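Colleague: got a structure for you, letters missing:
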């Protein structure tokens with residue numbers, strides 16, 4: 001079988017993988033890996049979008065030099081962020097990073113004017129201060145020339161596809177994350193767009209995962225010396241791709257996509273938009289093949305990543321395996337945090353913020369890197385239990401265990417502690433979940449796989465899944481009570 005190419009762009013790194021489907025087995029080869037570091041300029045934090053496009057081109061060159069001619073390609077990335085296209089098809093400025101401060105206070109003001117009930121009933125999306133609706137409202141409040149000159153709105157994969165093909169399309173799974181898409185009406189919510197001062201004309205028709213959306217433009221073929229490559233829309237929110245790759249064999253399953261963010265939920269056939277979903281602040285994001293992801297965002301390994309950066313700035317460099325090994329040697333449950341406290345959202349000195357949180361909740365603050373990492377990982381595992389219980393309550397389902405996918409599952413200690421906290425088995429794998437979901441959507445579109453359930457079976461047969469059984473049940477049960485009491489959850 002010819003190879004196909006998946007670009008999987010996370011909030012801290014990106015990768016390009018070649019995939020082959022040989023005798024109902026998936027083979028993947030990492031072609032190119034690169035960093036994705038935001039750039040602070042003045043008061044703004046922005047994505048280096050042109051550097052990302054450069055890296056996309058480098059992967060195409062590497063494929064060419066390896067003698068590969070991919071039969072197709074697709075891109076997935078993080079959600080909510082976007083670029084604006086102006087007159088003549090030019091990008092207007094670098095896309096803002098979702099952790100930029102320009103949205104501070106905007107969500108609260110918009111909820112007060114439009115009401116929480118109206119926004120949620122029309123979108124079914126979790127309230128997070130960086131959602132696209134609040135980013136666009138912030139630009140409108142600031143009378144931004146970016147918004148004044150805009151003619152089209154493109155989310156990050158839409159934008160990179162546009163650079164590749166010259167065609168502009170908005171993709172379903174990412175569109176739903178904006179809190180501007182109405183899943184009940186099946187399109188952009190004009191009333192909300194007008195309410196935040198944004199013209200609905202900026203927003204194009206929404207295409208489904210698996211749609212062919214162009215091919216490499218001629219100028220790029222000349223530049224790189226390559227032939228035409230068809231381009232498909234994957235489930236372009238990376239979590240949508242990751243869920244497509246969950247190797248579940250049963251219809252009702254719970255998943256955790258574990259990386260910079262932790263996203264936990266279940267797959268449903270239609271959005272659940274009711275008072276309980278609003279009260280629990282769950283989200284209904286689009287998935288592949290008519291599905292929705294009923295889930296909740298959890299701050300995730302961002303807190304650990306940002307702590308590591310703080311230590312590096314202080315001249316202390318540790319690898320992630322070193323930090324995990326140090327954490328394992330520390331006493332259990334010395335201190336716990338609520339990972340989703342707003343103080344952990346923005347970049348900065350995370351170890352100091354953890355100590356501040358612990359002091360404010362009457363705990364002895366952790367001092368050493370090992371103690372801080374143990375605090376982070378134990379707190380995440382306990383938060384996973386809390387959110388899984390909410391997912392069962394809201395969905396009316398009971399889950400026998402949890403499927404964990406994504407780069408975070410390389411942290412075996414977190415996987416084991418998650419099983420301990422849940423009191424249920426954790427099935428960890430595959431690591432490259434988003435890229436695999438990207439690949440299988442392309443193969444389904446090309447008729448090489450029949451549907452998502454065949455794809456999941458092929459993934460399960462092609463990649464190992466590590467089983468973690470719960471341990472130390474009583475100790476973790478007591479810790480969960482302590483966690484709920486400290487955090488007020």
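Modeller: Thanks, I have the structure now. Keep in mind it's a predicted model, so treat the numbers as computed, not measured.

Colleague: now the strands for the stretch 251-400 of the chain?
Modeller: 254-258, 262-268, 283-286, 292-298 (DSSP state E, counting those that start in this stretch).

Colleague: right, and these - which one's nearest residue 122?
Modeller: For the strands of the stretch 251-400 of the chain, proximity to residue 122 was assessed by Cβ to Cβ; strand 283-286 is nearest, at 11.5 Å. C-beta coordinates here come from the backbone N, C-alpha and C atoms, glycine included.

Colleague: Now do that closest one: which elements does it pack against?
Modeller: helix 172-175, helix 238-244, strand 292-298 (3 or more Cβ pairs under 8 Å, 6 or more residues apart in numbering; DSSP states H and E).

Colleague: so which of these comes closest to residue 117?
Modeller: Per Cβ to Cβ, nearest to residue 117 of the helices and strands packed on strand 283-286: strand 292-298, 18.9 Å.

Colleague: Show me the contact partners of that closest one.
Modeller: 126, 128, 176, 183, 239-240, 243, 261-272, 277, 280-287, 339-340, 380, 383-384, 387, 390-391, 394-395 (Cβ atoms under 8 Å, 6 or more residues apart in numbering).

Colleague: If we use 6 Å, what do you get?
Modeller: Residues from elsewhere that reach strand 292-298 (Cβ atoms under 6 Å, 6 or more residues apart in numbering): 243, 262-266, 268, 271-272, 282-285, 287, 383, 387, 395.

Colleague: from the residues you listed, which would you call buried?
Modeller: By neighbour count, with 16 or more other Cβ atoms under 10 Å, the contacts of strand 292-298 hold 243, 262-266, 268, 271-272, 282-285, 287, 383, 387, 395 as buried.

Colleague: ok, back up a step: adding distance to residue 78 and mean pLDDT, write the strands of the stretch 251-400 of the chain out as TSV.
Modeller: Formatted as TSV, the strands of the stretch 251-400 of the chain follow (distance: least, Cβ to Cβ, whole Å; pLDDT from 0 to 100):
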stretch	distance to residue 78	mean pLDDT
strand 254-258	11	97
strand 262-268	11	97
strand 283-286	12	98
strand 292-298	11	97
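
Colleague: With respect to residue 196, which of the ones you listed lies nearest?
Modeller: strand 283-286 (18.9 Å).

Colleague: who does the closest one pair up with?
Modeller: strand 292-298 (antiparallel) (DSSP bridges).

Colleague: quick one: the strand it pairs with to strand 254-258, angle?
Modeller: Here strand 292-298 runs at an angle of 50 degrees relative to strand 254-258 (axes from the mean of the first three to the mean of the last three Cα atoms, to 10 degrees).

Colleague: mind listing what's buried in stretch 215-235?
Modeller: Across stretch 215-235, burial judged by 16+ other Cβ under 10 Å covers 215-217, 220, 226, 229-235.

Colleague: hmm, back to that, among the helices and strands packed on strand 283-286, which is the most enclosed?
Modeller: Compared across the helices and strands packed on strand 283-286, helix 238-244 shows the largest average neighbour count, a mean of 31 (mean count of other Cβ atoms under 10 Å).

Colleague: And that helix, how far out from the chain middle?
Modeller: 8 Å (Cα atoms, centre = their mean, to the nearest Å).

Colleague: what comes into contact with that helix?
Modeller: 76-77, 173, 234-235, 255, 257, 263, 287-288, 293, 405-406, 433-434, 437-438.

Colleague: repeat for stretch 71-86
Modeller: 2, 4-5, 7-9, 11, 91-92, 95, 98, 130-132, 146, 149-157, 159-160, 174, 177, 229-232, 234, 236-238, 241, 434, 438, 442.

Colleague: one step back: would you mind giving the helices and strands packed on strand 283-286 as CSV with distance to residue 348 added?
Modeller: Shown next, in CSV, are the helices and strands packed on strand 283-286 (distance: least, Cβ to Cβ, whole Å):
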stretch, distance to residue 348
helix 172-175, 28
helix 238-244, 25
strand 292-298, 19
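
Colleague: Residue 210 against residue 446, yeah?
Modeller: No. With contact defined as Cβ atoms under 6 Å, residue 210 does not count as touching residue 446 (9.2 Å).

Colleague: re earlier: counting only strands, which of the contacts of stretch 71-86 make the cut?
Modeller: Judged by DSSP state E, strands contain the following of these: 4-5, 7-9, 152-155, 230-232.

Colleague: List only buried entries from the contacts of stretch 71-86.
Modeller: The neighbour-count test (16+ other Cβ under 10 Å) marks 4-5, 7-9, 11, 91-92, 95, 98, 130-132, 146, 150-157, 159-160, 174, 177, 229-232, 234, 236-238, 241, 434, 438, 442 as buried among the contacts of stretch 71-86.

Colleague: Quickly note the distance from the closest residue to residue 21 other than its chain neighbours to residue 25.
Modeller: Leaving aside its chain neighbours, residue 21 sits nearest to residue 1 (5.0 Å; criterion: Cβ to Cβ, 6 or more residues apart in numbering). Using Cβ to Cβ, to the nearest Å, residue 1 is found at 10 Å from residue 25.

Colleague: and if you look at residue 459?
Modeller: For residue 459, the distance to residue 25 - Cβ to Cβ - is 10 Å.

Colleague: Show me which of these two is the more surrounded one.
Modeller: Using other Cβ atoms under 10 Å, the more surrounded residue of residue 459 and residue 25 is residue 459, with 25 against 12.

Colleague: helix, strand or coil for the more buried one?
Modeller: What DSSP: H, G, I helix; E, B strand; the rest coil gives for residue 459 is helix.
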